[in-house]
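Give me the fold of what follows.
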Amino acid sequence: MNDPAMNDPVYARAERAQPIFDQRMQAIKDGGTSGYGGDLAGLDHSLKSQESYETKDARLAEEGREPNDLNRYTFTFPPEHYSQGVQEKYQQLRDDGFAPIEGTHSDTWQDPSYKGLNTSWRDNNEDSPTYGQPVEVQFHTPDSFQAKEDNHGLYELGQDRPGARTAERDYDKAEYKEATRHLQAERYQNVQQPENLESLHRAEPGIEQRSKQLGDCSEEVKETVRQDERALNERQSQARAESPSAESPSAQSPSAQSPSAQSPSAQSPSAESPRAESPSAESPSAESPSAQSPSAQSPSAQSPSSALDRQVDESNQAGDSATSTPSPDSETSRGAQR
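Numbering: from 1, shown residues only. Have a look, this model is predicted:
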């Protein structure tokens, strides 16, 4: 039977790019020479689930905009080496042919409800089969990464995702969302701020600082959110327990067998971050300088990853006679993703 993912060329390109990007990011992680203690976290969630894509991002493609976070990776560094480690990875990404997409690099370390650095890049290596494909790269400390994982249910509730809440309630949506941010902020209270962030901003002036302070909400609404979070987590845990675990393509690749991919945080059920509120997830690639560059204006950049497109077309032509791999990206088999 034909893989449903192949019917959407945007998602299919990202799916084809996953094992290639997995290996390249693992090489970037292993290629660090400065001993900053960096790790590659959550490699088994390096492709956004098809369900999440259809819920959040398919509309972008319909509007002629490109989601930048279908392929996603997270590097972590201890707070004392974070700024130097991020600078090193920026250089390694450039050396490997990636170009930053302007307007998508957001430092939210001053935001109370989400702390980290979200960035988007485009593969400008013309010799690569993923040429033109965008990819999101996040930078965290181990503690901020864990807080993000722990806050996954709250984030889904705040985004008013279908099926997230236990039942329809008579409440003010703005106050409910603010309550989810208050509860997320509680889990970031003990997360240590990275040292020397000012040096990172001097080295990379394209990184923008973004922060949204907390608004008002009642304790009653916060308690309602707590109840909804517990119910959501229980439903997702039960669904994962009842669903046979699907094999992930990344799990079959050498990079997925790395220690970082087998770490407890990498096995967390929630690998997706608050990207919906970050410009890196929905930035129109056509408006960024990287998209305006000569390489981005080439045919393969206008239709990203022509080699991947050919693979997609060949798979579609094969139809039902082709042997397809079950999608590993359901919310139950891979864990709920944002």
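
Between the two ends of stretch 28-35, how far is it?
In terms of CA to CA, to the nearest Å, the two terminal residues of stretch 28-35 are separated by 13 Å.

how about that stretch: buried residues?
Within stretch 28-35, the residues scored as buried using 16 or more other CB atoms under 10 Å are 28-29, 32. Glycine gets a C-beta too; all of them are placed from N, C-alpha and C.

burial count for T224?
19 (other CB atoms under 10 Å).

Test my guess that it contacts Y171.
Yes - contact criterion CB atoms under 8 Å: T224 and Y171 qualify, at 6.8 Å.

Can you pull out the low-pLDDT segments for this protein?
The chain contains residues with pLDDT under 70 at 1-7, 58, 61, 161-170, 244-338.

Tell me where it has helices.
9-30, 50-56, 58-62, 82-95, 142-150, 152-158, 173-188, 197-203, 219-242, 249-252, 279-282, 289-292, 299-302, 306-318 (DSSP state H).

Same list, these, but as a markdown table with distance to L43 please.
Output for those, formatted as a markdown table (distance: least, CB to CB, whole Å):
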| stretch | distance to L43 |
| --- | --- |
| helix 9-30 | 6 |
| helix 50-56 | 17 |
| helix 58-62 | 25 |
| helix 82-95 | 15 |
| helix 142-150 | 13 |
| helix 152-158 | 17 |
| helix 173-188 | 23 |
| helix 197-203 | 24 |
| helix 219-242 | 19 |
| helix 249-252 | 6 |
| helix 279-282 | 19 |
| helix 289-292 | 25 |
| helix 299-302 | 26 |
| helix 306-318 | 20 |
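
any idea how far Q236 is from R181?
Separation of R181 from Q236 (CB to CB, to the nearest Å): 21 Å.

now do D123
Computed as CB to CB, the D123 to Q236 distance reads 33 Å.

same thing with E175?
From E175 across to Q236, the span is 25 Å (CB to CB).

Equivalent analysis for L214, please.
L214 is 26 Å from Q236, by CB to CB.

Have a look at the two and say which one is more surrounded.
The residue with more neighbours, out of L214 and Q236, is Q236; 20 against 14, by other CB under 10 Å.

quick one: contacts for I28?
Each residue near I28 by CB atoms under 8 Å, 6 or more residues apart in numbering is listed here: 89, 92-93, 96.

One more pass at 6 Å, please.
Shown in contact with I28 (CB atoms under 6 Å, 6 or more residues apart in numbering): Q92.

likewise the one 3 residues further on?
Residues near G31 by CB under 6 Å, 6+ apart: Q92.

Check Q138 too.
Listed by CB under 6 Å, 6+ apart, the contact set of Q138 reads 74, 116, 118.

Just grab the bridge partners of it for me.
Applying DSSP bridges to Q138 gives these bridge partners: T74, N118.

Would you mind measuring from it to L47?
Distance, Q138 to L47, by CB to CB: 15 Å.

Quick check: closest non-adjacent residue to Q92.
Distances taken as CB to CB, 6 or more residues apart in numbering put I28 closest to Q92, at 4.7 Å, once the chain neighbours are dropped.

er, E80 actually
Closest residue to E80 apart from its sequence neighbours, by CB to CB, 6+ apart: E195 at 5.4 Å.

quick one: that neighbour and Q84, what's the gap?
Per CB to CB, E195 is found 9 Å from Q84.

same thing with G31?
15 Å.

How about R240?
Counting by CB to CB, the separation of R240 from Q84 is 38 Å.

more crowded one of the two?
Regarding R240 and Q84, a neighbour count based on other CB under 10 Å identifies Q84 as having more, with 20 against 17.

Now do the contacts for that one.
Y36.

go again using 8 Å as the cut-off
If a contact means CB under 8 Å, 6+ apart, then Q84 has 34, 36, 196, 199 as its contacts.

Distance to E186 for those residues - can I get that in JSON lines?
As requested, these are exported to JSON lines (distance: CB to CB, whole Å):
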{"residue": "S34", "distance to E186": "34"}
{"residue": "Y36", "distance to E186": "29"}
{"residue": "N196", "distance to E186": "27"}
{"residue": "S199", "distance to E186": "30"}
